[in-house]
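Chemist: with the input below, show me the fold.
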Amino acid sequence: FGGLGHVHARSLAGMDDVEVVSVCDIDPAKLVAPAQPVEPGAFDVGRCRTYADLAVMLKTEALDVLVNARPTDIHADLAIQGLEAGCHVFSEKPMALDVPSARRMIEAGRRAKRNLMIGHCLRFWCEYEMLRTMIADRRHGALLALDMVRIGGTPGPDSWFHDHLRSGGALLDLHIHDVDWCLDVLGMPERVQARGRRGPTGGLDDVSALWSYRDGPIVTLRGSWRAQAFTMSFRALFEQAQVEYSGATGG
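Modeler: Below you'll find the model as predicted:
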């Protein structure tokens, strides 16, 4: 029930057909009810049953869906626990730190006949949805080139993000957003060329990649935790138009 745990709880609490019944965190301080009344429609952990052990929560509660917002190095184990308990599971990105763990998650979902969804939010970000539609309907002609940027500052040394063995570094935690979007919209490239630098996390915290598609666009992806402030953007060059989005300006 950390940063994204709060985000998801607030979102779910605002839905008419959803009830957040329980929250689990190993830190009891995060499960203390707020001293002041929360605003209408906001999430109040004091109105939930709380647990320090996920296994106990899954055994005690009759849950339809489990939201897994724990650090990346334990995404797989906790998602599998939820699936095996009969829950549909929404698990934060990145899916896992390695391919075998991701495959274990997929197989657990298939065995349990439950949905497993990974939180790749760019697929549902309105500007990126609009770009997807422009590429598909070719209203501006064919897509010739696409540049995508996602850069931010290095996580603080007290954060689990600062340890690449837990977060995967900027390569898996930040750069993967644009990687996922391009794979989903454009498909698998014919060729990938990339260079990366190790950074403060000990992992690849700065990466530049060039994706080439046969008879398709040239795509560049830039991801880094070595910048001063977070920004995300894209520039798409079509045969008859140039389309740009900048998260820094919101337009």
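
Chemist: where does Gly41 sit: helix, strand or coil?
Modeler: coil (DSSP: H, G, I helix; E, B strand; the rest coil).

Chemist: residues contacting it?
Modeler: Gly41 is in contact with Ala13, Gly14, counting by C-beta atoms under 8 Å, 6 or more residues apart in numbering. For the C-beta atoms, the positions are set from N, CA and C on the backbone; glycine is no exception.

Chemist: quick check, pLDDT for it.
Modeler: Looking at Gly41, its pLDDT reads 70.

Chemist: do you know how far it is from Gly14?
Modeler: 5 Å (C-beta to C-beta, to the nearest Å).

Chemist: and Trp211, by the same measure?
Modeler: 37 Å.

Chemist: check Ala35 too.
Modeler: With the distance defined as C-beta to C-beta, Ala35 ends up 22 Å from Gly14.

Chemist: and what of Glu244?
Modeler: From Glu244 to Gly14 the distance is 31 Å (C-beta to C-beta).

Chemist: Val185 contacts Ile135, correct?
Modeler: Yes. Judged on C-beta atoms under 8 Å, Val185 makes contact with Ile135 at a distance of 6.3 Å.

Chemist: who's in contact with Val23?
Modeler: Counted by C-beta under 8 Å, 6+ apart, Val23 has contacts Phe1, Gly5, Ala9, Leu31, Val45, Cys48, Arg49, Thr50, Tyr51.

Chemist: out of Trp211 and Gly14, which sits in the more crowded spot?
Modeler: Trp211 (23 against 11; other C-beta atoms under 10 Å).

Chemist: the lowest-mean-pLDDT helix or strand in the chain - contacts with which helices or strands?
Modeler: Across the helices and strands of the chain, mean pLDDT, DSSP states H and E gives its lowest value to helix 3-13, namely a mean of 92. Secondary-structure packing of helix 3-13 (3 or more C-beta pairs under 8 Å, 6 or more residues apart in numbering; DSSP states H and E): strand 65-68.

Chemist: dump the C-alpha coordinates for the strand it packs on into CSV.
Modeler: Backbone C-alpha positions of strand 65-68 (Å, rounded to 0.1, in the frame of the first residue of the first chain) are rendered in CSV as follows:
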residue,chain,number,x,y,z
VAL,A,65,-9.7,-9.2,-7.8
LEU,A,66,-6.2,-8.7,-6.3
VAL,A,67,-4.2,-5.5,-7.2
ASN,A,68,-0.5,-6.3,-6.9
